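S.K.: Okay, predicted coordinates and the sequence, questions at the end:
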Amino acid sequence: MTFKEAFEAMKHGAKVKLPSWAGYWYWSKEKQTIIMHTKDGVDMDIRETQVPDYTFSNIASDEWTLADSKNCPELGGEATFSFGEAIKYLKRGMKVARKGWNGKKQYIQLATGISYKTADGDIVNCEHDAIGNMAIAFVGTSGVQMGWLASQADMLAEDWVFAE
């Protein structure tokens, strides 16, 4: 839902969040403001945000959802998100995984500074006009696979989570 819809829901007593969030936002009738309940259990008045750019970019999102005991860790659930969100988190340096993957210690992350050794022993830095020196690395039980490619199931899944 859009933030306008989320704001109306908050005004009617609902808690709302973005898919990847552990916390949620709600409306305080007493203070007449939005309270941000963080992943650390802290309630913060939105007017006291330390990172306005991040807060405003969240407000601009159209992926708002109602927070409940299934999708919100602070309410006893688990935050999951789409592949598109997973790519955004990779670009921010985070590790992500599918809940449905068999290996519990498997995840993907963005690898940078990639190089390889030729048969002649020369070290070559990988540079590409479109993506620079980056690739998605799959870290699994057998090691690291560079240049991981998502399946259609991975791209359409909504069960992406942050990996530890």
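M.R.: Yep, it's here. Numbers count the residues shown, from 1 in each chain.

S.K.: so Met155 is in which element?
M.R.: According to DSSP states H and E, Met155 maps onto helix 152-156.

S.K.: contacts for that helix?
M.R.: Residues outside helix 152-156 that contact it (C-beta atoms under 8 Å, 6 or more residues apart in numbering) are 83, 98. For glycine as for every other residue, the C-beta is placed from the backbone atoms N, C-alpha and C.

S.K.: what's the offset of it from the middle of its chain?
M.R.: Centroid displacement of helix 152-156 relative to its chain, using C-alpha atoms, centre = their mean, to the nearest Å, is 16 Å.

S.K.: the strands in the protein, which residues?
M.R.: For the chain, the strands defined by DSSP state E cover 16-17, 24-28, 33-37, 43-45, 65-66, 96-98, 107-112, 115-117, 123-125, 134-140, 143-146, 160-162.

S.K.: Provide the strand pairings for the worst-scoring helix or strand of the chain on mean pLDDT, with the direction of each partner.
M.R.: Ranked by mean pLDDT, DSSP states H and E, the weakest helix or strand in the chain is strand 123-125, scoring a mean of 88. Sheet pairing of strand 123-125 (DSSP bridges) gives strand 115-117 (antiparallel).

S.K.: What residue spans form the domains of the protein?
M.R.: 3-75, 83-162 (automatic domain parsing).

S.K.: which one of the strands of the chain is the most hemmed in?
M.R.: strand 16-17 (a mean of 24; mean count of other C-beta atoms under 10 Å).

S.K.: which other helices and strands contact that one?
M.R.: Here strand 16-17 touches helix 3-11, strand 24-28, strand 65-66, going by 3 or more C-beta pairs under 8 Å, 6 or more residues apart in numbering; DSSP states H and E.

S.K.: who's in contact with the closest residue to Tyr89 other than its chain neighbours?
M.R.: Once flanking residues are discounted, Tyr89 sits nearest to Val96: 5.5 Å by C-beta to C-beta, 6 or more residues apart in numbering. Contact analysis of Val96 by C-beta under 8 Å, 6+ apart lists 86, 89-90, 107-109, 160-163.

S.K.: just Cys126 next, same as before
M.R.: Residues in contact with Cys126 (C-beta under 8 Å, 6+ apart) are 114-116, 133, 135.

S.K.: Check Gly100 too.
M.R.: So Gly100 contacts 157, 159 (C-beta under 8 Å, 6+ apart).

S.K.: same thing but at 10 Å, please
M.R.: Gly100 makes contact with 153-154, 157, 159-160, according to C-beta atoms under 10 Å, 6 or more residues apart in numbering.
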